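1. need the 3D shape of this:
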Amino acid sequence: MKDIAGRTAFITGGAQGIGLGIARRLAREGVKLALADIDAEALKRARDELQAQTRVATEVLDVRDRDAFARVADSVEADLGPVSLLFNNAGVAGGISIHQMNYAAWDWVLGINLFGVINGIQTFLPRMIKRGDGGHIVNTSSGAGILAAGSGFLYATSKFAVVGMSEALHFELKQSKTNIGLSVLCPGPVNTGIVERSLAATPGYIAPTTPEGIQQIEAIKAFLASGVSIDEVGEMVLRGIREDALYIFTDRLIADGVVQRTEAILAALPRDAGANQS
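-> Numbering: from 1, shown residues only. I've put the predicted structure just below:
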């Protein structure tokens, strides 16, 4: 999609982090912004920053709440016009050890990282298809959605699912000639502060008290802080939309791991081309 000026974008997690970086870049292109976030104060700050550049609507939204999603969608489209740019970006970096794992943590991480994306698609995609005016969807996954090792099993589960869903939808939208593109954003380290916000909210999470445990958390935070800025990610996302890219990556840090994983999968496939498939 080349021409996005004047369109309306709906961005979950849009008041901070990557969502704000995307919003800033779209604002400079003349896109009207509907920002949804769980944090009312962050929404106010984002609106104050961006409303001088474009029209901005803000909505407090828990992306797990399907009824609320529908109400917010109706409100936004009544105010700003039909949404044709959708960014399912809200997410958490929930991490918990195998010794602390519990159903509440599974439900929380999957509810936000996976079902939050599903709810955005189910709310807006049928509307976009019915209108026939084209558009583009960007689902935020992670490098951990391509290469799981070291990412934490809860997080990797949610992010792998987003990648698979996005791949399938991308090709089905093409086959159906909807003129709706779909990309999956798989960022590496980005300086967003997501770890601090997420760990404190993870059900059953117990903060480490040993020097080793504390050092590990600090190392993760430092690693993410060393990554690209949210504004750089916004630029990459806009380029991905214009190029109708399926994958949007922010760096090449997982390249070697992807090669090793692919080689391991190929080596595990049956050598007999006629072997039964399940």
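2. going by C-alpha atoms from here, please, whenever you check contacts or count neighbours.
-> Fine.
3. hmm, Thr58 and Ile38 touching each other?
-> No: under the contact definition of Cα atoms under 8 Å, Ile38 does not touch Thr58, with a separation of 10.6 Å.
4. contacts made by the helix or strand Leu85 falls within with the rest, please.
-> Secondary structure assignment for Leu85, by DSSP states H and E: strand 83-88. Outside of strand 83-88, the residues that reach it under the criterion Cα atoms under 8 Å, 6 or more residues apart in numbering are 7-13, 77, 116-117, 120-121, 124, 128, 133-140.
5. cool, and stretch 116-132?
-> 63-64, 66, 69-70, 73, 83-84, 86, 88-90, 134-135, 139, 162, 178-180.
6. switch to 6 Å and redo it
-> Taking contacts as Cα atoms under 6 Å, 6 or more residues apart in numbering, the residues outside stretch 116-132 that touch it are Val63, Arg64, Asn88.
7. hmm, who's touching stretch 240-250?
-> Under the contact criterion Cα under 6 Å, 6+ apart, stretch 240-250 has outside partners Met1, Lys2, Ser183, Val184, Leu185, Cys186, Pro187, Gly188.
8. change it to 8 Å
-> With contact meaning Cα under 8 Å, 6+ apart, stretch 240-250 is reached by 1-2, 136, 143, 167, 170, 181-188, 228, 233, 236-237.
9. do the same with stretch 69-78
-> Stretch 69-78 is contacted from outside by Ala34, Ala57, Glu59, Leu61, Asp62, Val63, Val83, Asn119, Gly120, Thr123, Phe124, using Cα under 8 Å, 6+ apart.
10. and those, which of them are in strands?
-> Among those, the members falling in strands (DSSP state E) are Ala34, Ala57, Glu59, Val83.
11. thinking again about what came up before, which among the contacts of stretch 240-250 count as buried?
-> 1, 136, 143, 167, 170, 181-188, 228, 233, 236-237 (16 or more other Cα atoms under 10 Å).
12. where does the chain dip in pLDDT?
-> Scanning the chain for pLDDT under 70 picks out 94, 193-210, 212-224, 226, 273-278.
13. tell me the strands beside the strand holding Leu85, with direction?
-> Each strand pairing with strand 83-88, determined using DSSP bridges, is listed with its direction: strand 8-12 (parallel), strand 135-140 (parallel).
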